[in-house]
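Undergrad: Predicted model, plus sequence, below.
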Amino acid sequence: MYRQNPEFEEPSNETIIWRYVDFTKFISYLEKNALFFVRSDQFPDKYEGKFTEADAKRWEERLQPKIKLNQMEIYDRIRKIVNISSWHINDNESAAMWEICLQSKEGVAIKSTFKRLKDSFLPHKEDDIFIGKVKYIDYSHDVIPKGNIFNPFLYKRKSFEHERELRAVLLKVMIQEETVEKQVLYVDPKWFGVYVKTDLDILIDSIVVSPSVPDWFIDLVTSIGKKYCLYKKVESSELSKEPPY
């Protein structure tokens with residue numbers, strides 16, 4: 001369930017957040033009554049969970065080669081057990097996020113708030129879930145604070161500032177049969193993330209359909225929601241409206 005962490009900068013409870021997803025992914029949320037958290041090393045950004053160039057220079061100056069290599073290996077393993085659900089902070093829809101997040105024209109945006117998000121994780125008792133805003137820095141000159149394994153996952157390059165990301169984070173190690181050969185942070189290479197039990201009725205304030213879908217798509221989303229006992233307002237995108245003149 002949700003737990004506060006001083007390293008995570010939280011927005012106000014009323015902060016509006018969005019999750020843009022393909023329709024098939026949305027159905028998987030309904031089917032499993034859960035959100036999917038992606039393993040951090042599966043994100044397309046190669047810098048995800050990595051330290052900055054300025055950090056690397058400091059390591060070069062202060063650490064012996066063997067110790068530096070050992071630290072790098074540890075952080076690479078940590079990237080395999082940190083799982084993330086990404087949300088977009090915005091009072092309104094974002095045309096850019098529709099383009100970035102959807103692989104097809106058929107998709108929805110889940111509208112929620114920070115309070116709804118943290119309260120929705122109450123059914124997930126197995127793990128602590130931390131939530132905080134991503135900070136955008138210059139990876140050539142800025143350094144990431146040390147002392148907490150989550151810090152590298154709370155920073156991204158300035159090129160991603162348009163994402164205005166709020167991320168929910170949890171550590172998850174898939175339990176494997178104990179063998180001498182396997183590392184402590186062993187992760188099955190076929191495992192790409194984890195479904196986290198979520199109260200979708202608490203999480204979802206309303207649902208907005210993508211601007212490129214026909215009008216009947218609203219009825220379809222509404223009907224499927226009812227089949228899973230989810231009675232939420234489904235509305236068309238502001239971006240699909242015709243100008244007044």
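TA: Yep, it's here.
Undergrad: after the helix or strand of the chain with the lowest mean pLDDT comes which helix or strand?
TA: Within the chain, no helix or strand scores below helix 65-79, which has a mean of 68 by mean pLDDT, DSSP states H and E. Downstream of helix 65-79, the first helix or strand assigned by DSSP states H and E is strand 82-89.
Undergrad: now that following strand, how far from the centre of its chain.
TA: 1 Å (Cα atoms, centre = their mean, to the nearest Å).
Undergrad: mean confidence score for it?
TA: Averaging pLDDT along strand 82-89 gives 97.
Undergrad: Repeat that for stretch 134-149.
TA: Averaging pLDDT along stretch 134-149 gives 90.
Undergrad: Identify each buried residue in that stretch, please.
TA: Buried residues in stretch 134-149, counted by 16 or more other Cβ atoms under 10 Å: 134, 136-137, 139, 142-144. To be clear about C-beta, it is placed using only N, CA and C from the backbone, and glycine gets the same treatment.
Undergrad: Give me the distance from it to the chain's centre.
TA: In terms of Cα atoms, centre = their mean, the centre of stretch 134-149 is found 18 Å from the chain centre.
Undergrad: May I have that stretch exported as PDB, CA atoms only?
TA: These are the backbone C-alpha positions of stretch 134-149, laid out as PDB (Å, rounded to 0.1, in the frame of the first residue of the first chain):
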ATOM      1  CA  VAL A 134      10.100  13.700 -11.200                       C
ATOM      2  CA  LYS A 135      12.700  16.500 -11.200                       C
ATOM      3  CA  TYR A 136      14.300  17.400 -14.500                       C
ATOM      4  CA  ILE A 137      18.000  18.300 -14.400                       C
ATOM      5  CA  ASP A 138      21.000  18.800 -16.700                       C
ATOM      6  CA  TYR A 139      22.800  15.500 -16.700                       C
ATOM      7  CA  SER A 140      26.000  17.100 -17.900                       C
ATOM      8  CA  HIS A 141      26.500  19.300 -14.800                       C
ATOM      9  CA  ASP A 142      24.000  18.400 -12.100                       C
ATOM     10  CA  VAL A 143      24.300  15.600  -9.600                       C
ATOM     11  CA  ILE A 144      21.700  13.300  -8.100                       C
ATOM     12  CA  PRO A 145      21.600  13.200  -4.200                       C
ATOM     13  CA  LYS A 146      23.000  10.000  -2.700                       C
ATOM     14  CA  GLY A 147      21.800   8.000   0.300                       C
ATOM     15  CA  ASN A 148      18.600   6.500  -1.100                       C
ATOM     16  CA  ILE A 149      18.300   3.800  -3.800                       C
END
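Undergrad: what's in contact with stretch 23-42?
TA: The contact list for stretch 23-42 (Cβ atoms under 8 Å, 6 or more residues apart in numbering) reads 21, 48-49, 76, 79-86, 104, 106-108, 110, 123, 153, 168, 170, 172, 187, 191-200, 203, 221, 224-225, 228, 230.
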